[in-house]
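1. A predicted structure for the sequence below; I have some questions about it.
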Amino acid sequence: MFSTGCGNSYAYGVVDSGYREDMTVEEAYELGRRGIAHATHRDAYSGGVVNLYHMQEDGWIKVCKEDVSELIHQYKKGMF
């Protein structure tokens, strides 16, 4: 696990508080999405989109590209 960029301390706070060794892939995606969304929401230079990729031995897949303002609204309503 790693995070780079000026908002990474926000992402690490979310990921560190929610990480478990027995997470499913979908749970890991959601935790990553949540960490990036909160980092982007709090950091003015991070953009406004969550681009989430899953790195694997044989390459990567794009998991999502989602608008941060929509995600933050959903998180605040407890929809995730």
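-> Yep, it's here. Everything numeric in this text was worked out from a predicted model, so none of it was measured.
2. CA only for contacts and neighbour counts going forward, please
-> OK.
3. Tell me how many other residues surround the closest residue to Y45 other than its chain neighbours.
-> Spatially, and ignoring its direct neighbours in sequence, Y45 is nearest to C6 (7.6 Å; C-alpha to C-alpha, 6 or more residues apart in numbering). Neighbour count for C6, taken as other C-alpha atoms under 10 Å: 13.
4. residues contacting C6?
-> D43, Y45, S46 (C-alpha atoms under 8 Å, 6 or more residues apart in numbering).
5. what about it, which helix or strand?
-> Counting by DSSP states H and E, there is no helix or strand that carries C6.
6. list the helices and strands the least confident helix or strand in the chain by mean pLDDT packs on?
-> For the chain, counting by mean pLDDT, DSSP states H and E, helix 8-18 ranks last in confidence among helices and strands (a mean of 90). The helices and strands touching helix 8-18, judged by 3 or more C-alpha pairs under 8 Å, 6 or more residues apart in numbering; DSSP states H and E, are helix 25-42.
7. per-residue confidence averaged over whatever helix or strand comes next after the helix it packs on?
-> Downstream of helix 25-42, the next assigned helix or strand under DSSP H and E is strand 49-56. Average pLDDT, strand 49-56: 93.
8. List the neighbouring strands of strand 49-56 plus their orientation.
-> strand 59-67 (antiparallel) (DSSP bridges).
9. Show me the contact partners of the strand it pairs with.
-> Taking C-alpha under 8 Å, 6+ apart as the rule, strand 59-67 contacts Y29, G48, V49, V50, N51, L52, Y53, H54, M55.
10. next structured bit after that strand?
-> Heading C-terminal from strand 59-67 (DSSP H and E), you reach helix 68-76.
11. Quick one, grab the pLDDT at T4.
-> pLDDT, T4: 72.
12. Ok, V63 next?
-> 97.
13. Counting neighbours, what do you get for it?
-> There are 14 residues near V63, going by other C-alpha under 10 Å.
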